[in-house]
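> based on what follows, work out the 3D shape:
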Amino acid sequence: MVQGRRVPVSHLDKVFYPKTGFTKGQVIDYYIRVSPVLLPHLKDRPLTLKRYPDGVEGGFFYEKRCPPYRPKWVQTAPVWSERTNTEIHYCLANDLPSIVWAANLGDLELHTVLARAKAIDRPTMIVFDLDPGPPAQILQCAQVGLWLKEKLDGMKLESFPKTSGSKGLQVYVPLNTPTTYNVTKPFAQALAQSLEREHPELIVSRMEKRLRAGKVLVDWSQNDHHKTTVCAYSLRAKERPMVSMPVEWEEVKAALKKNDASRLEFDSEAALKRVAVKGDLFESVLKLKQKLTGSKQAPA
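Numbering: from 1, shown residues only. Model prediction:
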């Protein structure tokens, strides 16, 4: 029983991360323990399941349509799909039983849209996904993130970083005021292009893989109602159970100064210890109200 609901679970000893022996039961335990800070970021946001039924080495598939065999208490949200010309009912993970149910399906990663279901065309935030092309890695993303922060600071826009839990860094700009993707996406693109012009040796704003070797892609295209981004505190399907973890800008600066990428890497155990000390560093992303006014448009 989870919060009064009977949640079916099975094969808890099944190893999902073979390199570390981390089991399905440990995945579920992590999500239960991190749920106080995780749930607010999932609430009312259509969830795309990224399922690894045989663990991180066994292949995966995305599932947008909430499975028909879900328990009756798992809430869903209808979202119109222009691509398929149909309505897709997404899962909503609004409570702990729903997270446990999804984890039992092998949903290691939690991917959400930037809007809430009841206002699906109104993003509550802007996201920049800083994705390094080898041999670049997270420290180069840290430098790009700090340059991006400077520009946002100049527009009087607060921003909040988190690790992707994979190889990059993500920067969020909370809005929580009425806007549309027709506003946020061009803003993000213009800012990415401005950074590329100023730092062409390290930054690229175009998606072509041939351009990305040794550089950091400032991916602005996530600001679209078709796109999802990994949720804060989600596990990632890497060799170890790494977590997409909110960090402080001072920590980003320190990692860059010390040339120490490990300062921006958090597995499930480190994540839980960190949350116990620091709480939810991403709380402001849900609450802080900011507007993209004419004086805050990205440089041409």
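> worst-scoring helix or strand of this protein, pLDDT-wise?
Among the helices and strands of the chain, strand 76-81 carries the lowest confidence by mean pLDDT, DSSP states H and E, at a mean of 94.
> and whichever helix or strand comes after it, what other elements does it pack with?
As assigned by DSSP states H and E, the chain's next helix or strand after strand 76-81 is strand 86-91. Other elements packing on strand 86-91 under the criterion 3 or more CB pairs under 8 Å, 6 or more residues apart in numbering; DSSP states H and E are strand 47-51, strand 76-81. C-beta: built from backbone N, CA, C; applies to glycine.
> now strand 86-91: how far from the chain's centre is it?
Mean-position distance between strand 86-91 and its chain equals 21 Å (CA atoms, centre = their mean, to the nearest Å).
> residue 86 and residue 228, how far apart?
18 Å (CB to CB, to the nearest Å).
> between these two, which is the more surrounded one?
Shown here are residue 86 and residue 228; by other CB atoms under 10 Å, residue 228 has more neighbours (21 against 10).
> picking up where we left off before, tell me the strands beside the least confident helix or strand of the chain, with direction?
strand 86-91 (antiparallel) (DSSP bridges).
> so for whichever helix or strand comes after the partner strand, mean pLDDT?
For strand 86-91, the following helix or strand on the C-terminal side (DSSP H and E) is helix 96-104. The average pLDDT within helix 96-104 is 98.
> with adjacent residues omitted, what lies nearest to residue 149?
Closest residue in space to residue 149, ignoring its immediate chain neighbours: residue 159 at 5.5 Å, by CB to CB, 6 or more residues apart in numbering.
> how about residue 236?
Residue 236's closest residue in space is residue 165 (CB to CB, 6+ apart), at 3.7 Å.
> swap in residue 272?
That would be residue 33: by CB to CB, 6+ apart, it lies 5.6 Å from residue 272.
> tell me which element that neighbour is part of?
helix 24-42.
> residue 129 against residue 230, yeah?
No. With contact defined as CB atoms under 8 Å, residue 129 does not reach residue 230; the gap is 9.3 Å.
> what touches both of the two?
Both residue 129 and residue 230 are in contact with residue 164, where contact means CB atoms under 8 Å, 6 or more residues apart in numbering.
> ok so, going back, show me which positions of the helix holding residue 33 end up buried.
The neighbour-count check on helix 24-42 (16 or more other CB atoms under 10 Å) flags 24-31, 34-35, 37-39, 41-42 as buried.
> ok, so of those residues, who is nearest residue 206?
residue 41 (29.7 Å; CB to CB).
> could you point out the helix or strand that follows the strand ranked longest in the chain?
Longest strand in the chain by number of residues (criterion: DSSP state E): strand 125-132. Going down the chain from strand 125-132, the next helix or strand is helix 138-154, by DSSP H and E.
> what's the following helix or strand after that next one?
Toward the C-terminus, helix 138-154 is succeeded by strand 160-163 as the next helix or strand (DSSP H and E).
> helices and strands around that following strand, which ones?
helix 138-154, strand 169-174.
> buried deepest among those, which one?
Mean neighbour count (mean count of other CB atoms under 10 Å) peaks for strand 169-174 among the helices and strands packed on strand 160-163, with a mean of 24.
> direction included, what does that strand pair against?
strand 125-132 (antiparallel), strand 160-163 (antiparallel).
> and it, average pLDDT?
On average, strand 169-174 scores 98.
> now whichever helix or strand comes after it: buried residues?
Next helix or strand after strand 169-174 toward the C-terminus (DSSP H and E): helix 181-198. Buried residues in helix 181-198, counted by 16+ other CB under 10 Å: 181, 183-185, 187-196.
> identify the residues contacting helix 181-198?
121, 123, 126-128, 144, 147-148, 151-152, 175, 203-205, 218-225, 292, 297-300.
> how does it look with 7 Å?
121, 123, 126, 128, 147-148, 151, 203-205, 218, 220, 223-225, 292, 297-300 (CB atoms under 7 Å, 6 or more residues apart in numbering).
> buried among those residues? Make that a ChimeraX selection.
In ChimeraX syntax, the buried subset of the contacts of helix 181-198 is picked out as below (16+ other CB under 10 Å):
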select :123,126,128,147,148,151,203,204,205,218,220,223,225,292,298
